[in-house]
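Peer 1: Structure, please.
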Amino acid sequence: MIQAKNLQAPVGLSHHFLNQAESVSGLYDKNIKEASSCAQIHSGNISVASRKKYYEGCDGIIASEGRSLIIRTADCLPLLFFSTGKKLIGAVHAGWRGLSAGILQNAVRKLKDLGADVSELQVAIGPHIRRCCYQVGSELIENFTRKIPGVKFFEERHQSFYLDLSVVAQRQLSDAGLSAGNMEDTAICTSCNPEYASFRRDKTLLRNFSIIQLESSKG
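Peer 2: Coordinates of the predicted model:
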């Protein structure tokens, strides 16, 4: 399991990006009673956690203190959010469909609606399929060229296109107001690294779990 440096310092906050052989069961904070996950349907939808453990129709969850959030991926981006000022956490699953649907902008908007200051938001991007391996069609390149013009988010090799999901995500977050210095990419490719589940590589049903949790300051 790995961690991002920008999410390690805050008191009461913990997070982990796991590979396909690792389990979240031993990572739950004993002081946190509520854990939530979501359906992950490749949408642009974000839910704000109440007391439910499972959220339909969305690909991201935002929560306040005293909760764990879990997402599962096998090539898509796992993104973990933390608002240092308002003590909010978020977990988002984003593939190309979610990015195209504006899921990251929606996540930032929800956090702002809950009082978060965009300037202090921290985001960590976990292992996902990277430009080295993510071959896509020209129509997908054209789609993102319209959405983020002027950004080099793909590579052309041997008349094929390779998409960089992280570059797309970071540009969208930057356009939403986040500072580049508050984003960290773990820079691990799920397709290149056999310890991580990769649907593109193996057509597997296995998944890599990501977890973020924040203890309640009220005890």
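
Peer 1: All the helices of this protein, residue numbers only.
Peer 2: Under the criterion DSSP state H, the chain contains helices at 96-100, 103-113, 138-147, 165-175, 199-202.

Peer 1: contacts for the third one?
Peer 2: The contact list for helix 138-147 (C-beta atoms under 8 Å, 6 or more residues apart in numbering) reads 96, 99, 100, 153, 154, 161, 163, 168. Bear in mind the C-beta positions are built from the backbone N, C-alpha and C, glycine included.

Peer 1: of the helices of the chain, which approaches residue 119 most closely?
Peer 2: Using C-beta to C-beta as the measure, helix 103-113 is the one of the helices of the chain that comes nearest residue 119, at 10.9 Å.

Peer 1: Run me through the strand neighbours of the helix or strand bottoming out on mean pLDDT in the chain, direction for each.
Peer 2: Taking mean pLDDT, DSSP states H and E as the measure, the chain has strand 34-38 as its least confident helix or strand, at a mean of 90. Note on strand 34-38: by DSSP bridges, its sheet partners are strand 54-55 (parallel), strand 67-73 (parallel).

Peer 1: Can you tell me which of those is most buried?
Peer 2: Ranked by mean neighbour count, the strands paired with strand 34-38 are led by strand 67-73 with a mean of 24 (mean count of other C-beta atoms under 10 Å).

Peer 1: List the contacts of residue 172.
Peer 2: 99, 102, 104, 105, 148.

Peer 1: and which of those residues is nearest to residue 90?
Peer 2: Distances from residue 90 to the contacts of residue 172, taken by C-beta to C-beta, are shortest for residue 104, at 10.1 Å.

Peer 1: My guess is the closest one contacts residue 169. True?
Peer 2: Yes: using C-beta atoms under 8 Å, residue 104 makes contact with residue 169 at a distance of 6.0 Å.

Peer 1: Looking at these two, which is more packed in?
Peer 2: Shown here are residue 104 and residue 169; by other C-beta atoms under 10 Å, residue 104 has more neighbours (28 against 24).

Peer 1: That's all I had, so thanks and see you.
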